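K.L.:
heads up, no residue letters with this:
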Ligand code: GLY
Ligand code: MN
Ligand code: MN
């Protein structure tokens, strides 16, 4: 006996009387259904599709946008489209699939998407996923075709031929799943996309710059709330402050915002934000605004919660700053990707040695089979940045770690020192101190541009910035911040 079809838990068991259904069929006007597409995104996506087409001539390609993950039972987290889909289409459309079919001279693009349930459709009032009375006016095939300048078809018409290269996140159920189910994602396509996305065009650089500018404003918003956080709200109040800001000016935070005070600062991904904030502690803030386009910033500053670095805090910050400056100086076209990592690590190893914290010589520590300094910085010193926080991760080793820098690459430089409170090799006065300085950069034709230079990287500059930000001097008007999104 065939297994009964699984019921989609997101669909409610609603009573549908004939009279009720009939009464809902008519009497409705036409709401505005224009899709929200970031300025320039449709044109940029068109160029991106052309680059992909040129990279994979003759191949059929399907990229699925995905679906909001289930949170519990019939509730979901917010939908965030697959990054490759965003790059190729220009906006997120839940359950949609982009297909590129080879034709002489290139590819034809078709966007397959679910039709919304509008007045006159059975689901208009009865489908909580697509019914406009549940989710609000929804752009459909015609509106997306207009706004994105692309051919659209209903998702039910999607048929994929054998040999199609697939990427993205297929929906877990529904017609898109029927077409994509059982196809493993193509590692080749993921690699090609990652390597194409590695070089940002002018529109992408502008998106990153805007994400960083908003993030700097988000730092100022946190600084203004610091007194409340110290008095009663703790780490979570600052996390919520940044997230609310990011949500207002963009999609929201580009990753779980890290707010780590005191002994939490050395914990690389401290996203629990469960702690209090005490004025004598260092406060590590690692946050980024994600724009509507999906591009995210990734910026870290470590500030003294009370306004002034102690001697020990300043010493650690100074060493990380020296390492950071060495890393920045190694970012230029033609330089090996690994140079900034090496340059930053050399400064860290030497500093730790000078403090008597290395069990071996600096040279031994820096040798490939040494690396003892990395006890205090177990992560890398930076990564590509873009629509993904850790962008282009599917690129080959040769194209990423083994590559030379090229104009248009965007990256972070983010050395740090992480002295855990329970690390018995750390001098007692340094235990529980964590410092990271993280900037976002773009490689230019002649060197690099630091996008996040609006925030100081030196201890004295940070003290001055913090004082100005707390007094409200650095706040953009809310209207100014929102108008740029
Ligand atoms: N916030 C994660 C990272 O810096 O890579
Ligand atoms: Mn980072
Ligand atoms: Mn970060």
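P.N.:
Sure thing, it's come through. In this text the structure is predicted, and so the values were computed from the model without any measurement. Ligands and ions are numbered 1, 2, ... in the order given.
K.L.:
which bits of the stretch 201-350 of the chain sit near ligand 1?
P.N.:
Those residues of the stretch 201-350 of the chain that sit near ligand 1, judged by CB under 6 Å from any ligand atom, are 255, 258, 286, 298. Every residue, glycine included, has its C-beta placed from N, CA and C.
K.L.:
next up, the contacts around the last one.
P.N.:
I take that to be residue 298. 254, 255, 286, 288, 385, 389, 412, 414, 438, 440 (CB atoms under 8 Å, 6 or more residues apart in numbering).
K.L.:
repeat for the second one
P.N.:
Shown in contact with residue 258 (CB under 8 Å, 6+ apart): 269, 270, 271, 284, 285, 286, 287, 300.
K.L.:
thinking again about what came up before, closest one to ligand 1 out of the contacts of residue 298, please.
P.N.:
residue 286 (4.6 Å; CB to the nearest ligand atom).
K.L.:
quick one, phi psi at the closest one?
P.N.:
The phi/psi pair for residue 286 (degrees, to the nearest 10) reads phi -130, psi 100.
K.L.:
test my guess that it contacts residue 300.
P.N.:
Yes: contact criterion CB atoms under 8 Å: residue 286 and residue 300 qualify, at 4.1 Å.
K.L.:
neighbour count: these two, which is higher?
P.N.:
Each of residue 286 and residue 300 has its neighbours counted (other CB atoms under 10 Å); residue 286 has more, 24 against 21.
K.L.:
the more buried one pairs with what?
P.N.:
residue 258, residue 300 (DSSP bridges).
K.L.:
tell me which residues touch it, please.
P.N.:
Counting by CB under 8 Å, 6+ apart, residue 286 makes contact with 257, 258, 298, 299, 300, 436, 438.
K.L.:
swap in residue 130?
P.N.:
Counting by CB under 8 Å, 6+ apart, residue 130 has contacts 114, 115, 116, 117, 123, 138.
K.L.:
so where's the stretch 301-450 of the chain shaky on pLDDT?
P.N.:
Within the stretch 301-450 of the chain, no stretch falls below the threshold (pLDDT under 70).
K.L.:
for ligand 3, what is the nearest residue in it?
P.N.:
residue 438 (4.9 Å; CB to the ion).
K.L.:
gap between that residue and residue 453?
P.N.:
Distance, residue 438 to residue 453, by CB to CB, to the nearest Å: 13 Å.
K.L.:
so those two - more neighbours on which side?
P.N.:
Neighbour count, other CB under 10 Å: between residue 438 and residue 453, residue 438 has more, with 26 against 13.
K.L.:
and the helices in the stretch 251-400 of the chain?
P.N.:
Secondary structure of the stretch 251-400 of the chain (DSSP state H, counting those that start in this stretch): helices at 311-329, 339-354, 362-366.
K.L.:
which residues do residue 286 and residue 300 both contact?
P.N.:
Joint contacts of residue 286 and residue 300 (CB under 8 Å, 6+ apart) are 258, 436, 438.
K.L.:
could you check which helix or strand contains residue 217?
P.N.:
If you go by DSSP states H and E, residue 217 is part of helix 202-224.
K.L.:
after that helix, next one along is what?
P.N.:
helix 226-228.
K.L.:
what packs against that following helix?
P.N.:
Applying 3 or more CB pairs under 8 Å, 6 or more residues apart in numbering; DSSP states H and E, we find helix 226-228 packed against helix 459-470.
K.L.:
mean confidence score for the helix it packs on?
P.N.:
Helix 459-470 carries an average pLDDT of 97.
K.L.:
give me the helices and strands touching that helix, please.
P.N.:
helix 202-224, helix 226-228, strand 299-304, helix 311-329.
K.L.:
skipping its backbone neighbours, what lies nearest the residue of the stretch 251-400 of the chain found nearest ligand 2 in space?
P.N.:
Residue nearest to ligand 2 within the stretch 251-400 of the chain: residue 298 (4.2 Å; CB to the ion). Distances taken as CB to CB, 6 or more residues apart in numbering put residue 288 closest to residue 298, at 4.5 Å, once the chain neighbours are dropped.
K.L.:
now the stretch 1-150 of the chain, which segments are flagged as low pLDDT?
P.N.:
If you take pLDDT under 70 as the line, the stretch 1-150 of the chain has these spans: 1-15.
K.L.:
still on that earlier bit, so the residue of the stretch 301-450 of the chain closest to ligand 3 touches residue 413, yeah?
P.N.:
Yes: with contact defined as CB under 8 Å, residue 438 reaches residue 413; the gap is 7.2 Å.
K.L.:
quickly list what's touching both of the two.
P.N.:
Contacts common to residue 438 and residue 413, judged by CB under 8 Å, 6+ apart, are absent.
K.L.:
returning to what we had before: is it correct that the residue nearest to residue 298 is in contact with residue 215?
P.N.:
Yes: in this structure residue 288 lies within contact range of residue 215 using CB under 8 Å: 5.4 Å.
K.L.:
joint contacts of those two?
P.N.:
246, 297, 299.
K.L.:
within reach of ligand 3, which of those are there?
P.N.:
Among these, none lies close to ligand 3 by the criterion of CB under 5 Å from the ion.
K.L.:
tabulate those (CSV), appending distance to residue 239.
P.N.:
As requested, those are exported to CSV (distance: CB to CB, whole Å):
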residue, distance to residue 239
246, 11
297, 16
299, 15
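K.L.:
which one (most neighbours) among those residues?
P.N.:
residue 297 (30 neighbours).
K.L.:
burial count for the nearest residue to residue 468 once chain neighbours are set aside?
P.N.:
Counting by CB to CB, 6+ apart, residue 468 lies nearest to residue 474, which is 5.4 Å off, once chain neighbours are set aside. For residue 474, the number of neighbouring residues by other CB under 10 Å comes to 19.
K.L.:
quickly find the element holding residue 474.
P.N.:
Following DSSP H and E, one finds residue 474 outside all helices and strands.
K.L.:
dump the residue contacts of it.
P.N.:
220, 223, 465, 468.
K.L.:
and residue 471, by the same measure?
P.N.:
Applying CB under 8 Å, 6+ apart to residue 471 gives no contacts.
K.L.:
let's see it at 10 Å
P.N.:
223, 224 (CB atoms under 10 Å, 6 or more residues apart in numbering).
K.L.:
then residue 216?
P.N.:
If you count contacts by CB under 10 Å, 6+ apart, residue 216 has them with 289, 297, 299, 301, 451-455, 465, 469, 474, 476.
K.L.:
now do residue 59
P.N.:
52-53, 100-102, 107, 163-165, 186, 188-189, 192.
K.L.:
now, which of the residues you listed sits nearest residue 144?
P.N.:
Nearest to residue 144 among the contacts of residue 59, counting by CB to CB, is residue 100 at 16.5 Å.
K.L.:
and the helix or strand encompassing the closest one, how far out from the chain's middle?
P.N.:
Assigned by DSSP H and E, residue 100 belongs to strand 97-103. Relative to its chain's centre, strand 97-103 lies at 27 Å (CA atoms, centre = their mean, to the nearest Å).
K.L.:
which helices and strands does that strand pack with?
P.N.:
helix 41-55, strand 61-64, helix 83-89, strand 106-113, strand 151-154, strand 165-168, helix 175-180 (3 or more CB pairs under 10 Å, 6 or more residues apart in numbering; DSSP states H and E).
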